[in-house]
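Asks: task: produce atomic coordinates for the following.
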Amino acid sequence: MRPLLLAAVSVLLATGCSTSPAPLPLQPKAPTAKAVVTTLGADLDKTDHRVASALVAIERNADKPKVVVSESRLAQSYLPMPPEAEVAFAMARATKADTLDYKKQMEFGRKLATAVNLAWDKLEANQTEALRVSQLKDARIVELTKAVEQAKKDAASNLWTLAGIAVAVLGAVAMVFAGPRIGATLLASGAAIGAFPAISDSKYFSYIVGTTLTIAAGLAVYWLWDKVRDDANKSDYEPPKV
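Replies: Predicted structure coming up:
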């Protein structure tokens, strides 16, 4: 899911960014949760140690058949059930009891154990790298998301700026053809429109809006009071008698 989102955000930014971010490294095919590898590795180590310890006990108590059988069964409890072909192979080896065969099998066992340990070390390294790359992807998504939001804000700010310029130009024209009253009003409106993005992004925006609404409400009340007073004065007015 993260790679798809990363690609989508990158496409959105392609038209608005002159430079592209550095490419992310390839994420290994390994779990990103460290606990997955750590817990499994600890369990496997515990199993190996228990089996190896039981085999050592068998070797040191070879003269005690009862102990040998008990330790053998204990070691088998930590291992999966072997295929019948492997059991037959081991029984044939035990029946033959050839020292050279045992030596060859021990060399094979050491090589196999070394290869398994190397593969496990590689898995742990891949897990660490996968976690690092996954965190880089998360950080890149956050970065690109912020860039998209900033691009939207910049686009909206540019629209407000263009609208303010257009109104200001109309005000300049109106100063010439319609008089300073209309022209000055349009010029002030253009400045206010152009400054709106900066005001709306300010931390004092709520105070500015509240103050503006209060002043507007005061002016409206004053206008209404003045109108009522003028109407009352007109009704009380009596023309002089000739």
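Asks: wouldn't residue 58 be in contact with residue 68 here?
Replies: Yes: the pair residue 58 / residue 68 is scored as a contact, 5.2 Å apart, by Cβ atoms under 8 Å. Where C-beta positions appear, they are placed from N, C-alpha and C, glycine not excepted.
Asks: which one's more surrounded, the two?
Replies: Between residue 58 and residue 68, residue 58 has the larger neighbour count (other Cβ atoms under 10 Å), namely 18 against 15.
Asks: that one sits in which helix or strand?
Replies: According to DSSP states H and E, residue 58 maps onto helix 34-60.
Asks: check which helices and strands that helix sits against.
Replies: On a contact count with 3 or more Cβ pairs under 8 Å, 6 or more residues apart in numbering; DSSP states H and E, helix 34-60 meets helix 65-77, helix 99-177.
Asks: looking at these, which is nearest to residue 88?
Replies: Of all the helices and strands packed on helix 34-60, it is helix 99-177 that lies closest to residue 88, at 14.6 Å by Cβ to Cβ.
Asks: so where's the chain uncertain?
Replies: 1-20, 30, 32, 34-36, 196, 198-209, 212, 234-242 (pLDDT under 70).
Asks: care to break it down by domain?
Replies: Listed domain ranges for the chain are 27-153, 204-233 (source: automatic domain parsing).
Asks: kindly reformat these as JSON lines containing distance to residue 170.
Replies: Formatted as JSON lines, the domains of the chain follow (distance: least, Cβ to Cβ, whole Å):
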{"stretch": "domain 27-153", "distance to residue 170": "26"}
{"stretch": "domain 204-233", "distance to residue 170": "23"}
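Asks: which of these sits most buried?
Replies: Of the domains of the chain, the one with the most neighbours on average (mean count of other Cβ atoms under 10 Å) is domain 27-153, at a mean of 12.
Asks: what's the first-to-last distance across it?
Replies: 33 Å (Cα to Cα, to the nearest Å).
Asks: residue 23: which element?
Replies: Going by DSSP H and E, residue 23 is not in any helix or strand.
Asks: got the phi and psi for it?
Replies: Dihedral pair for residue 23: phi -70, psi 140, per degrees, to the nearest 10.
Asks: residue closest to the middle of the chain?
Replies: Residue closest to the mean C-alpha point of the chain, counted by Cα atoms, centre = their mean, is residue 138 at 3.3 Å.
Asks: separation between that residue and residue 181?
Replies: 58 Å (Cβ to Cβ, to the nearest Å).
Asks: cool, and residue 172?
Replies: Distance of residue 172 to residue 181, computed by Cβ to Cβ: 14 Å.
Asks: on that earlier part again, how far out from the middle of the chain is the helix holding residue 58?
Replies: Offset of helix 34-60 from its chain centre (Cα atoms, centre = their mean, to the nearest Å): 37 Å.
Asks: do the same with stretch 167-177
Replies: Going by Cα atoms, centre = their mean, where stretch 167-177 is centred and where its chain is centred differ by 50 Å.
Asks: contacts for it next, please.
Replies: By Cβ atoms under 8 Å, 6 or more residues apart in numbering, the residues outside stretch 167-177 that reach it are 182-191, 193-194.
Asks: cool, thanks, talk later.
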